[in-house]
Structures are given as structure tokens and as C-alpha cells.
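**Student:** Quick check, what structure comes out for this input:
(one chain, ligands or ions: 2)
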Amino acid sequence: MSFEDKFEKLSVSQRASDHINNQLLEKFSHKIKTDELSFSKAKTSKDKANRATVENVLDPRTMRFLKSMVNRGVIADLNGCLSTGKEANVYHAFAGTGKAPVVDEETGKYEVLETDGLRAEYAIKIYKTSILVFKDREKYVDGEFRFRNARSQHNPRKMIKIWAEKEFRNLKRIHQSGVIPAPKPIEVKNNVLVMEFLSRGNGFASPKLKDYPYKDREEILHYYHTMVAYMRLLYQVCRLVHADLSEYNTIIHDDQLYMIDVSQSVEPEHPMSLDFLRMDIKNVNFYFEKMGLNIFPERVIFQFIISEALEKFKGDYKNVTDLIGYIAKNLPIKSTEQDEAEDEIFRSLHLVRSLGGLEERDFDRYTDGKFDLLKSLIAHDNERNFAASEQFDLNDNDHGSTSESEESSGSEDEDLSGSEENEESDSDDREYYDDDEPKILKGKKYEDKDVKKLRKQEAKDTKREKRKTKVKKHIKKKLVKKTKSKK
Ligand SMILES: Nc1ncnc2c1ncn2[C@@H]1O[C@H](COP(=O)(O)OP(=O)(O)OP(=O)(O)O)[C@@H](O)[C@H]1O
Ligand SMILES: [Mg+2]
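**Tutor:** Numbers count the residues shown, from 1 in each chain. Ligands and ions are numbered 1, 2, ... in the order given. So this is what the prediction gives:
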């Protein structure tokens, strides 16, 4: 297959003077509906025209960001499309010179330095600005401390910016950790992310694990073990869960497994991180089982990842070879029906990192599954990871939350932050928020009036603070009901 065939969308940059903006704008400008402007009776139609996209990616704004990168000498050009996906397109580009390119006065075109074969190559990921595709993205940003100021962001264009920045930061963290190979992030500007291009030569991208031609079974096994080790390193060292790990989002480059596509990756503190981790494990296992391997039980891998200390491990916790050696020697193969049954239970559990970390509006999105705890699995694991975020078992701790009569008290849409009226009615809801409060001793009714008043006020203030992060009772009840109905 020729280079042109491979990069079918746009021509290859041997014709160095074909500058990206000219190329792309010429090619697609007829598709950008600027003519709507002339009908503009209101601001909205003008906005619409400005936001018209080409292939949902190259809208005029995106073109401006690309142009600015060319002007600053970050990139020299945009050669062709490597991948058109649901959420982003990935293009190939050569690195710029670090300086503004010179414009040829005669032709008016940019002069791009001749490729000497050694110029750095970049992959440019451009996130699509179409709204629908990004609709469910919030849940990966919500609950992330790092994006706490952006969590109520509903503007899809801003959301995409956050998304690209999230990938950039995650990539940077992984790359800098030095424990898992990942493309070096170069720059991010709005929805455009520039990173190192993983090349197998002549502008071809190194293969995804899915397309990699394995030499033998040994090699498949090696990459399975590597993948399991990476999940642990990612969690323990980089403090991330990939959340979309698969044979599609890993690349074999220079005989090493690289991790890519980390925009959705979250920190372990994210309320859904353990669910995402379990999903990753399942996908990895599914692929390698399909490739003919005997796999490890999902719950065993899970425990291997989240346990800070590993029994019988002698080696460097940050060394992938040491971990692979341990995995090969110590993790048991899934073999019995009992193993499968236990994995099924494991899959059905809802892994709650911290209910307190979830807010009311998140619950509707997060509660399709059962709520339960993996107490037996994670009980004494990983003090560092779990100490800060308490674990609730709803069935045990949600005192007095099952009677129907109580459910009718309080509207479903009630705002948690509350008005004065809400605050006034707090005492009615006392039992909902009293779960963790020490019980007031009866003898206290004899205490000094002023002391009592003060104590009550303090308790009230404390509760008010607590309510800001606490889950409302009717939500908890919903969860309990769901759990029951699924049993
Ligand atoms: N740094 C890179 N070097 C080489 N190829 C890359 C690089 N980054 C991405 N690619 C290629 O582009 C493809 C898509 O990249 P990525 O997985 O990051 O995007 P995506 O958002 O998952 O797109 P999709 O919507 O298709 O899932 C990858 O499968 C890989 O083939
Ligand atoms: Mg991908």
C-alpha cells in the first residue's frame, strides 16, 4: 500500500509548500456554510455558520488553532489522516522548526524546510466539536479533583477543551513517570493535541495491539502479562485508571507496548474509578482469551492492581520486568467453574469508592448497577488508596431508610444546597444525616441552657456542612431498592 493510499484524506507533504491551511481550506471551504451568514437575521445563525465543521473536526476555530501552531513553528504541516474516530481524528504532521516559517513572497505560500528524514513526526489529535458525541463525557471529568472547577461545565465546546487538556495531562503524567511507555505530549491548544508520532517508518503508524502480527504464543503471553503489569503501574505509580484500555488503545512500537488514548482516564479518587478498572480488566481478558490464552480471574487481577504490597514480591515495584516475572509465577490461571462464578459475582458488584464523593445529580447516572462493596477483596488492601475515601455499605449503614412513608417526604428535585426554608426543616430530616454522628446522651437534657443552645447550634452547623457533600436519603433509598430488585 502506498503512502498516499494510507493517508487517503490529504496529500503527503513531500510538496512542502502545500501549507496546511491552504490545503485544508481549499479542500473543505465549500463545505463550510458561510453563505448562511447572508441570511443572518439573528446572532444565532451567524454563530451557526462560524461553527460549521468539516468532518465534524475542522471548523474555522480549529483551523485557527492549527494555523497558530504553524506560525509558532510547533508543527510544519498536516499531512494526512491516520484515523477518523467517533470522538477525534488523528493526523500526521512533521514538527516545525520552533520558529515562524518564512512566507515566499512570490507564491505567498509558507516555505517549509525540506524533510531530511530526521524531522520529528507528530500525531495531532483533533477532538470533534460535535455535541452529541461528547454528551456522556462529563462523567469522566466529574468527580475529578483536578477538574473540579470545570465539573459543572455544560458548554460542549468548553467541555472538549477540558477533554483535550485532560488527555494532555494524563499523557504527560504517564510519559513522565517513565514506568509505562506513552507518546510524548508536545502541546495542547483547545481541541488540538500534539504528541509524538509512534512510527514504524515512512510515515506509517506503529500497529495497534489488535493489528500486531505476533511471532508466537509466547509473545502473546508476554503482552498479556505486560498489560496486567501496566494496569498496576498506572494505578500505583501514575495514580490513574485508563478507563478504555484495550487492544485498540495500545500500540506496539519498538517492541514495546505503548499506552494511548487516555483522555477518559481518571484518578483512583474518582468515584467510578474502580468500576472503570474492572471494565479495563474485563476487556483485556476478553481480548487475550480470544487470542487463545489461559487468563487470570478478573478479581485476581483487580486485587493484584489495587494491593499496595504484593505477597512474596521481591523486586522493584516500579519495574515492569519484575512485575511481569511476578505475574507469570504467582497469579493463578482461571480454570474452575468456581472461578467463573466468582468472577461473575465480581462483575455484578458495584464498586463504591466514596458515596460522599458523589452528588445527587450524579446518582441517576451511576446507579444502574448494584451497590455493594468488595469488602472481602479490598478490606485490608491499600491503606493509602482507601483510607481517605471512606467506603459505605448502604444496606448496613442507611438506618431507617426503608419505610415507604418516609419516601414521600421531600421532593425528588429538591436542591441540595438549599434555601433558608430547607435549612429550617433540617431537624425533620435529622435521622438521614445522623448516621455518623455520636448519639446524644439522655443525661444531657439536664445541662446548662446556654451550653445546650451552643451545642445545638454547633451540631446544626456541622450538619449543614456535611449536607453539602452528603447523599440525600431518597437517593440512597432508590439505590437500596435497586439492589433489592436485582437480587
Ligand atoms: N501518537 C500516536 N502515534 C501513532 N498513531 C497514533 C498515535 N495516537 C493515535 N494514533 C492512531 O490513531 C488512532 C486513534 O487514536 P486514539 O485512540 O487516541 O483516538 P480515539 O479518540 O480513540 O478515536 P476513536 O474515536 O476512534 O476511538 C489510534 O488507534 C492509532 O492508530
Ligand atoms: Mg482509541
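**Student:** how about the residues of the protein near ligand 2?
**Tutor:** Contact residues, the chain versus ligand 2 (CB under 5 Å from the ion): 249, 261. Just so you know, the C-beta spots here come from the backbone N, C-alpha and C atoms, and that holds for glycine as well.
**Student:** ok, now with 6 Å
**Tutor:** 248-249, 261 (CB under 6 Å from the ion).
**Student:** Please list only the buried members of those residues.
**Tutor:** Buried by 16 or more other CB atoms under 10 Å: 248-249, 261, out of the residues of the chain next to ligand 2.
**Student:** And for the residue in the stretch 1-150 of the chain that ligand 2 sits nearest to, the neighbour number?
**Tutor:** Going by CB to the ion, ligand 2 is nearest to residue 85 of the stretch 1-150 of the chain, at 6.1 Å. Counted with other CB atoms under 10 Å, the neighbours of residue 85 add up to 14.
**Student:** per-residue pLDDT, it?
**Tutor:** pLDDT, residue 85: 85.
**Student:** Tell me the spacing between it and ligand 1.
**Tutor:** 2 Å (CB to the nearest ligand atom, to the nearest Å).
**Student:** Now do the contacts for that residue.
**Tutor:** The contact partners of residue 85, taken as CB atoms under 8 Å, 6 or more residues apart in numbering, number zero.
**Student:** Distance check, it against residue 273.
**Tutor:** Distance from residue 85 to residue 273, counting by CB to CB, to the nearest Å: 24 Å.
**Student:** Likewise for residue 180?
**Tutor:** On the measure of CB to CB, residue 180 and residue 273 end up 17 Å apart.
**Student:** and of the residues of the chain next to ligand 2, the nearest to ligand 2?
**Tutor:** Nearest to ligand 2 out of those is residue 261 (CB to the ion; 3.8 Å).
**Student:** excluding its backbone neighbours, what's nearest the closest one?
**Tutor:** Distances taken as CB to CB, 6 or more residues apart in numbering put residue 249 closest to residue 261, at 4.0 Å, once the chain neighbours are dropped.
**Student:** List the residues that contact that neighbour.
**Tutor:** The contact partners of residue 249, by CB under 8 Å, 6+ apart, come to 208, 242, 259-261.
**Student:** ok so residue 89 is a strand residue?
**Tutor:** Yes - under DSSP: H, G, I helix; E, B strand; the rest coil, residue 89 falls within a strand.
**Student:** Quick check: it touching residue 126?
**Tutor:** Yes - if you go by CB atoms under 8 Å, residue 89 and residue 126 touch, sitting 5.3 Å apart.
**Student:** With neighbour numbers in mind, choose between the two.
**Tutor:** Legend: neighbour count by other CB under 10 Å for residue 89 and residue 126, higher for residue 126 (26 against 19).
**Student:** and the more buried one, that's in a strand?
**Tutor:** Yes - when three-state DSSP is applied, residue 126 is found to be in a strand.
**Student:** For it, give me its contacts.
**Tutor:** Residue 126 neighbours (CB under 8 Å, 6+ apart): 57-58, 62, 88-91, 191-193.
**Student:** just to revisit the earlier point, out of the residues of the chain next to ligand 2, list just those in helices.
**Tutor:** Counting by DSSP state H, no part of these is found in helices.
**Student:** Which of these lies at the shortest distance from residue 315?
**Tutor:** residue 249 (27.4 Å; CB to CB).
**Student:** gap between the closest one and residue 242?
**Tutor:** Residue 249 is 7 Å from residue 242, by CB to CB.
**Student:** what do the two both touch?
**Tutor:** With CB under 8 Å, 6+ apart, residue 249 and residue 242 have common neighbours residue 259.
**Student:** Show me what the top helix by length along the chain packs onto, helices and strands only.
**Tutor:** Within the chain, and with DSSP H defining each element, the longest helix by residue count is helix 156-177. Where contact means 3 or more CB pairs under 8 Å, 6 or more residues apart in numbering; DSSP states H and E, helix 156-177 is packed against strand 121-127, helix 138-141, strand 185-189, strand 192-196.
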